[in-house]
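Trainee: sequence and predicted structure are below.
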Amino acid sequence: MHGISPAQARCLTATVFIVSYWDDKGGYSKLLDSAKDRMSITRSIEIVPAIRRVKLLHVGCWEQLDLEFVPGLNIITEESSAWGKTTIFRAILQALLPSTQREYPLSVTHGFLNGTISIELMSPTISVRLGALEGVSPEPAMHESQGQFMLRLLRSHLDAAPPDAAILAEEEVTSVLDMSAFPEAVTLLNGSHCQVICQIAHNLNLKDFPAARVYTGSLDHANKPRMRLQQPGRGDALTRTPSP
């Protein structure tokens, strides 16, 4: 990386060139729904480099979006029937894991020729723990509920992630946590030793996550998605030690 400054190394930009798919019923929504149907359950949670900032320009339903994350816990939620959360996660995956482009296609915002995904990382260096997730079953064990399985998957990824990494957890992870699993998941998320960016669309109580940065999605008067900062959160308190 000769000639590249640390500041430049922190910024990763990917440009998405996709033929716009649109119809009167919202073509990009069909693309996202189709991709979601094909999503494997283990793809609902990923380990990626820790992220400082995400910018989307003409990507899916977002004409423009700019989100900044704290090093600790970050939550993306929604009001009523708002949408756009999945697009954010798919965009992050496409920028950091380009091989996911075919698995999770994203369309360009209607009326534009291409879209841009810009990711600024927390650090110019990336650590990887080889074999950290070996032995983690991609399917529930016998007599294991879906909620307990997702809790185990979340715990395994948190244990496997190095401190300079981020856990991306989609709504599919948190939405199936049952009454017995959710309190333990809250404890895990609040005590993570690495950055966490997750979706929680159901039963979100801000009192459960006092240190989290919370973005809430909604629809404006023109029925377009928007994201507002509901709780600023803290960037400290990365205290949890991985399980042995």
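Mentor: Yes, it's here.
Trainee: going by C-alpha atoms from here, please, whenever you check contacts or count neighbours.
Mentor: OK.
Trainee: for the protein, what spans make up the helices?
Mentor: 6-9, 27-38, 85-96, 146-160, 171-174, 182-190 (DSSP state H).
Trainee: for E79, which of those helices is the nearest?
Mentor: helix 85-96 (11.3 Å; Cα to Cα).
Trainee: can you spell out which helices and strands pack onto the longest strand seen in the chain?
Mentor: Longest strand of the chain, by residue count under DSSP state E: strand 51-59. Under the contact criterion of 3 or more Cα pairs under 8 Å, 6 or more residues apart in numbering; DSSP states H and E, strand 51-59 touches strand 62-68, helix 85-96, strand 115-121.
Trainee: now do 7 Å
Mentor: strand 62-68, strand 115-121 (3 or more Cα pairs under 7 Å, 6 or more residues apart in numbering; DSSP states H and E).
Trainee: helix 85-96 and that strand, what's the angle between them?
Mentor: With axes from the mean of the first three to the mean of the last three Cα atoms, to 10 degrees defining the directions, strand 51-59 sits at 110 degrees from helix 85-96.
Trainee: with just CA atoms, put strand 51-59 into CSV.
Mentor: Written as CSV, here are the backbone C-alpha positions of strand 51-59 (Å, rounded to 0.1, in the frame of the first residue of the first chain):
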residue,chain,number,x,y,z
ILE,A,51,-17.3,0.7,10.1
ARG,A,52,-17.2,4.4,10.8
ARG,A,53,-19.5,5.7,8.1
VAL,A,54,-21.8,4.5,5.3
LYS,A,55,-22.9,6.6,2.4
LEU,A,56,-25.4,5.5,-0.3
LEU,A,57,-26.1,7.5,-3.4
HIS,A,58,-28.9,6.3,-5.7
VAL,A,59,-28.9,2.8,-4.3
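Trainee: what average pLDDT does it get?
Mentor: Throughout strand 51-59, pLDDT has a mean value of 94.
Trainee: picking up where we left off before, comparing the helices and strands packed on strand 51-59, which comes out most buried?
Mentor: Ranked by mean neighbour count, the helices and strands packed on strand 51-59 are led by strand 115-121 with a mean of 21 (mean count of other Cα atoms under 10 Å).
Trainee: now for that one, which elements pack on it?
Mentor: Looks like strand 115-121 contacts strand 11-16, strand 51-59 (3+ Cα pairs under 7 Å, 6+ apart).
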